[in-house]
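1. have a look at this prediction, sequence included:
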Amino acid sequence: KAGVTQTPRYLIKTRGQQVTLSCSPISGHRSVSWYQQTPGQGLQFLFEYFSETQRNKGNFPGRFSGRQFSNSRSEMNVSTLELGDSALYLCASSSGTGVNYEQYFGPGTRLTVT
Amino acid sequence: AQSVTQLDSQVPVFEEAPVELRCNYSSSVSVYLFWYVQYPNQGLQLLLKYLSGSTLVKGINGFEAEFNKSQTSFHLRKPSVHISDTAEYFCAVSAANTGNQFYFGTGTSLTVIP
């Protein structure tokens, strides 16, 4: 099976712009979660989507949003970028049931805001 | 909510020596526990997980961890480390049966010295 893919891998944006990141989960996985990783704050949960519905949400401002499509692919959008949004954004997919409960992570998108 | 504390931010160890990376968690409900490894410029790879059953869990690359409910700990161990084990290690917790919201520790940087 192909793993979790994220595009683009690297991105440079300017303050005030918006950005959209994409995540394709492992085939058959219906849950997609997003995390922000920074040296200062570590790995922080952004949100989780399951069957096109947001099931869980972390403590991030409304500038961070996401969605999931019927094929389980997910996008994350950040509007009005700030310097502090520079981070590695990781996507994880899960089948989420029983002994298979775990998250499989993609390689991440490195976002730099200048 | 759940939280995770990784007590050591950096652990240097000589090649072929044993290592223990410590993880303590806090939760008012039953939990699932995970250890992930992250190599530079990559996503997270699952080393092992505890969902239920035997408290001693064996994972990939010779790692194992023991779930101790009374001490709320899930320490990671390896009897003999290799240079290739140099990486960042993350402990994570999620509430059992409530969706894929994982809480991560701040990570332990393991450096294996030749």
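-> That came through fine. Note that the structure is a prediction, hence the values are computed from the model and not measured.
2. just the strands in the chain please.
-> All of this is about chain A. Using DSSP state E, the strands of chain A run over A:5-7, A:10-13, A:19-24, A:31-38, A:42-50, A:53-57, A:64-68, A:74-78, A:87-94, A:104-105, A:109-113.
3. if you could check chain B rather than the one you did, that'd help
-> B:3-6, B:10-14, B:19-21, B:23-26, B:31-38, B:44-50, B:56-58, B:64-68, B:73-78, B:87-95, B:103-104, B:108-113.
4. now render these as JSON lines, adding mean pLDDT.
-> Converted to JSON lines, the strands of chain B look like this (pLDDT from 0 to 100):
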{"stretch": "strand B:3-6", "mean pLDDT": "94"}
{"stretch": "strand B:10-14", "mean pLDDT": "97"}
{"stretch": "strand B:19-21", "mean pLDDT": "98"}
{"stretch": "strand B:23-26", "mean pLDDT": "96"}
{"stretch": "strand B:31-38", "mean pLDDT": "94"}
{"stretch": "strand B:44-50", "mean pLDDT": "94"}
{"stretch": "strand B:56-58", "mean pLDDT": "96"}
{"stretch": "strand B:64-68", "mean pLDDT": "96"}
{"stretch": "strand B:73-78", "mean pLDDT": "98"}
{"stretch": "strand B:87-95", "mean pLDDT": "94"}
{"stretch": "strand B:103-104", "mean pLDDT": "92"}
{"stretch": "strand B:108-113", "mean pLDDT": "97"}
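5. mind putting the ones you listed into a markdown table with mean neighbour count and distance to A:Ile12?
-> C-beta coordinates here come from the backbone N, C-alpha and C atoms, glycine included. As requested, those are exported to a markdown table (neighbours: other C-beta atoms under 10 Å in any protein chain shown; distance: least, C-beta to C-beta, whole Å):
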| stretch | mean neighbour count | distance to A:Ile12 |
| --- | --- | --- |
| strand B:3-6 | 18 | 31 |
| strand B:10-14 | 13 | 30 |
| strand B:19-21 | 19 | 34 |
| strand B:23-26 | 19 | 35 |
| strand B:31-38 | 24 | 22 |
| strand B:44-50 | 20 | 24 |
| strand B:56-58 | 14 | 41 |
| strand B:64-68 | 18 | 39 |
| strand B:73-78 | 21 | 36 |
| strand B:87-95 | 23 | 24 |
| strand B:103-104 | 21 | 26 |
| strand B:108-113 | 17 | 27 |
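6. any chance of CSV for the ones you listed, columns distance to chain A?
-> Output for the strands of chain B, formatted as CSV (distance: least, C-beta to the nearest C-beta, whole Å):
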stretch, distance to chain A
strand B:3-6, 9
strand B:10-14, 13
strand B:19-21, 15
strand B:23-26, 13
strand B:31-38, 6
strand B:44-50, 4
strand B:56-58, 12
strand B:64-68, 14
strand B:73-78, 15
strand B:87-95, 7
strand B:103-104, 4
strand B:108-113, 11
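7. these into JSON lines, with extra columns for distance to A:Gln6?
-> What follows is the strands of chain B, written out as JSON lines (distance: least, C-beta to C-beta, whole Å):
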{"stretch": "strand B:3-6", "distance to A:Gln6": "24"}
{"stretch": "strand B:10-14", "distance to A:Gln6": "28"}
{"stretch": "strand B:19-21", "distance to A:Gln6": "27"}
{"stretch": "strand B:23-26", "distance to A:Gln6": "27"}
{"stretch": "strand B:31-38", "distance to A:Gln6": "15"}
{"stretch": "strand B:44-50", "distance to A:Gln6": "12"}
{"stretch": "strand B:56-58", "distance to A:Gln6": "28"}
{"stretch": "strand B:64-68", "distance to A:Gln6": "28"}
{"stretch": "strand B:73-78", "distance to A:Gln6": "27"}
{"stretch": "strand B:87-95", "distance to A:Gln6": "18"}
{"stretch": "strand B:103-104", "distance to A:Gln6": "18"}
{"stretch": "strand B:108-113", "distance to A:Gln6": "24"}
